[in-house]
Structures are given as C-alpha cells and as structure tokens.
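>>> quick one, structure for this:
(one chain, ligands or ions: 1)
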Amino acid sequence: MLSFGLVRNLSGGMKTIPLAKLVSFLNRELRLSEFPKDESANGLQVEGSAMVHKIGLAVDACDHVFQTAADKKIGLLIVHHGLIWGGIRSVSGVMRKRIGALLDADISLYACHLPLDWHPDYGNNVQLLKVLAIKRMGEFGEYHGKTIGYWGSLTKELSLKDFIGRVDKTLNTRSTALSFGKKVKKVGVVSGGGWSAIYDAEKTGIDTLLVGEPSHSAYTLAEEMKLNVVFAGHYATETLGVKAVGSMLTKKFGIKTEFIDHPTGL
Ligand SMILES: [Zn+2]
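Numbering: from 1, shown residues only. Model prediction:
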C-alpha cells in the first residue's frame with residue numbers, strides 16, 4: 001500500500017490516487033492476461049483525468065451511467081460491459097455520444113468482462129454462491145478455453161420454488177425457471193448469458209443451473225438432461241462482481257467508491 005504514492009484530497013479525508021497506479025493494479029489483481037480471447041477489450045478503454053478521487057462501479061457502459069457518474073464527480077468508472085468489443089470501427093452515433101460524455105466529464109472508463117465473471121475472489125459467480133449460501137465445491141463451464149463457472153452445494157436440499165424464492169429475494173429479481181430436476185442441492189452458477197454451460201452442468205452432476213438471461217434453446221436440453229435451470233436475469237447476476245471490486249479498492253486505497261444502479265430487468 002505504501003508504494004502507491006497516496007495523496008490527501010484537500011476537500012476531505014479520502015484519498016486521491018493516480019489513474020495509472022489504479023489501472024496497473026487492477027490489470028494485475030483482476031488477472032486480465034488470463035483471458036486473451038475475451039471479445040471485450042478489458043482494461044482502460046477511455047482515459048480521463050490523471051488523478052482519481054472517486055470511483056464508480058456499474059454493470060453497463062451507457063449514457064445514463066455516464067451522466068450519473070458526471071453528476072457524482074466520479075473520476076474512474078469500472079464496468080462489466082464496456083464500450084469496446086473487438087475494436088472500434090467508427091466513433092459515430094451512440095458511440096460518439098458515449099465517448100463524448102466521458103471525455104467532457106474527464107471520466108476514465110475501465111472494463112472487466114470475463115475475468116470478472118470468473119475471478120475466484122471478486123467474480124460474479126463466486127459472489128453469487130456466497131450471497132446465496134451455496135458452499136463452493138468446484139469449477140465448471142468452459143468458455144473461450146477457460147472454466148468460468150463455479151458449482152457448490154446447499155446445506156440442505158430445497159424445492160425449486162424455495163430456491164427461486166431465495167434467489168429473487170437476495171438478488172432483487174424475478175427469475176423464470178425450467179423445472180425438470182427433482183430437487184435443488186448441487187447448484188452451478190454462470191452469470192449473464194451463461195446457459196450453454198448446461199452441457200458441463202450435466203457432466204458435473206449438477207441438478208440446478210443458475211444463469212442470467214433466459215434462452216429458448218435451453219428448454220429441450222434441460223428437459224432431456226432432467227435439470228432445473230433458473231434464469232435470474234443478466235443484470236441481476238452481474239452487479240456483485242463490480243461491487244466486490246469497489247469494496248476491495250476502498251479497503252486497499254481508502255478511496256471513495258459508489259455503485260451506480262441501472263437495472264434493465266433483463
Ligand atoms: Zn454480461
């Protein structure tokens with residue numbers, strides 16, 4: 001911590017940290033180099049002010065989040081879904097407005113996609129197990145050559161209805177579900193559009209797969225594999241990772257962080 005060149009913010013007790021220090025720390029801590037095949041250009045996507053006194057966390061990089069971040073005087077915004085996927089073909093239309101909003105407010109944008117689904121400490125999937133009181137047992141669900149999901153065990157078997165009740169209450173969501181399994185005990189978790197982990201779920205002996213976004217294609221597979229699949233919402237399954245990164249940064253650097261909620265209901 002001492003090597004990070006912390007500076008006292010004159011306006012209050014919280015710290016001001018150089019952007020470059022935060023970015024190199026995040027790149028390492030979030031282990032971006034382990035995901036070379038991610039379509040998301042993970043890391044710093046837009047460079048704003050060289051010094052950061054407040055960090056914002058959000059799921060999606062979009063105008064609403066950028067305007068809120070500007071109002072809240074946020075210097076660095078860390079998101080799960082960034083602006084740059086693959087590369088930039090043109091900066092026009094929505095992309096021009098979005099990048100313009102960031103540059104006007106001098107806000108830096110940092111994206112962390114697959115590494116933040118998978119990460120063993122801050123990742124969406126591990127955090128989902130934690131808040132749902134599912135004991136972590138192992139990894140499953142290969143995606144782009146990396147296992148990004150986790151599975152675990154409930155202390156006691158639940159009915160699917162009771163399990164969905166727990167998910168909806170904890171994540172403040174309204175799940176839809178496919179009910180082809182008998183019980184809920186061994187649960188696999190893959191946030192977002194993770195339903196294709198259903199093949200690995202079957203191989204791993206999981207009875208219930210919890211993912212984000214609903215998929216029509218999952219229905220007949222779940223039917224024939226005799227699995228339960230719970231779709232808790234893409235957004236609702238992906239807020240925990242960025243929040244965990246925010247808490248870690250406050251603890252490590254003493255910097256102010258704030259989660260900007262912009263639920264899609266999807
Ligand atoms: Zn996602």
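>>> can you identify each of the helices in the stretch 51-200 of the chain by residue range?
63-71, 93-104, 114-118, 124-131, 160-171, 198-204 (DSSP state H, counting those that start in this stretch).
>>> touching the third one from outside, list them.
To tie it back to what came earlier, the one meant is helix 114-118. Applying Cβ atoms under 8 Å, 6 or more residues apart in numbering, the contact partners of helix 114-118 are 30-32, 34-35, 38, 40, 42, 80, 122-125, 143-144, 146-148, 190-192, 194, 238, 241-242, 245. For glycine as for every other residue, the C-beta is placed from the backbone atoms N, C-alpha and C.
>>> just to revisit the earlier point, pick the most deeply packed of the helices of the stretch 51-200 of the chain.
Most buried of these by mean neighbour count (mean count of other Cβ atoms under 10 Å) is helix 114-118; its value is a mean of 27.
>>> how far out from the middle of the chain is that helix?
Distance of helix 114-118 from the chain centroid (Cα atoms, centre = their mean, to the nearest Å) equals 7 Å.
>>> next: stretch 256-266.
11 Å.
>>> can you name the element that comes right after the longest helix along the chain?
Secondary structure of the chain per DSSP state H: the longest helix is helix 240-253. Later in the chain than helix 240-253, the nearest helix or strand by DSSP states H and E is strand 256-259.
>>> and the angle from the longest helix of the chain to helix 124-131?
90 degrees (axes from the mean of the first three to the mean of the last three Cα atoms, to 10 degrees).
>>> quick one: work out the angle between helix 240-253 and helix 160-171.
40 degrees.
>>> helix 240-253 - what's its average pLDDT?
The average pLDDT for helix 240-253 rounds to 98.
>>> which residues touch that helix?
So helix 240-253 is in contact with 1, 4, 6, 15, 17, 22, 25-26, 29-30, 55, 57-59, 78-80, 112, 116-117, 119, 121-124, 127-128, 131, 191, 255-259, going by Cβ under 8 Å, 6+ apart.
>>> now the buried members of these.
The neighbour count (16 or more other Cβ atoms under 10 Å) marks 6, 15, 17, 22, 26, 29-30, 55, 57-59, 78-80, 112, 116-117, 119, 122-124, 127-128, 191, 255-258 as buried among the contacts of helix 240-253.
>>> got a list of what residue 200 touches?
Shown in contact with residue 200 (Cβ under 8 Å, 6+ apart): 140, 141, 142, 149, 188.
>>> can you select the buried ones among those for me in PyMOL?
Buried residues within the contacts of residue 200, by 16+ other Cβ under 10 Å, are selected in PyMOL with:
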select buried, resi 140+141+149+188
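>>> what is the nearest of the contacts of residue 200 to residue 71?
Comparing the contacts of residue 200 against residue 71 with Cβ to Cβ places residue 149 closest, at 36.3 Å.
>>> please name the nearest non-neighbouring residue to that closest one.
Closest residue in space to residue 149, ignoring its immediate chain neighbours: residue 141 at 3.0 Å, by Cβ to Cβ, 6 or more residues apart in numbering.
>>> run a quick neighbour tally on residue 62.
Residues contacting residue 62 under the criterion other Cβ atoms under 10 Å number 17.
>>> how close does it get to residue 93?
13 Å (Cβ to Cβ, to the nearest Å).
>>> contact partners for residue 105?
Counting by Cβ under 8 Å, 6+ apart, residue 105 has contacts 48, 66, 69, 70.
>>> mean pLDDT and distance to residue 229 added to the helices of the stretch 51-200 of the chain, as a markdown table?
Below are those laid out as a markdown table (pLDDT from 0 to 100; distance: least, Cβ to Cβ, whole Å):
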| stretch | mean pLDDT | distance to residue 229 |
| --- | --- | --- |
| helix 63-71 | 98 | 30 |
| helix 93-104 | 97 | 33 |
| helix 114-118 | 97 | 18 |
| helix 124-131 | 98 | 15 |
| helix 160-171 | 98 | 10 |
| helix 198-204 | 96 | 7 |
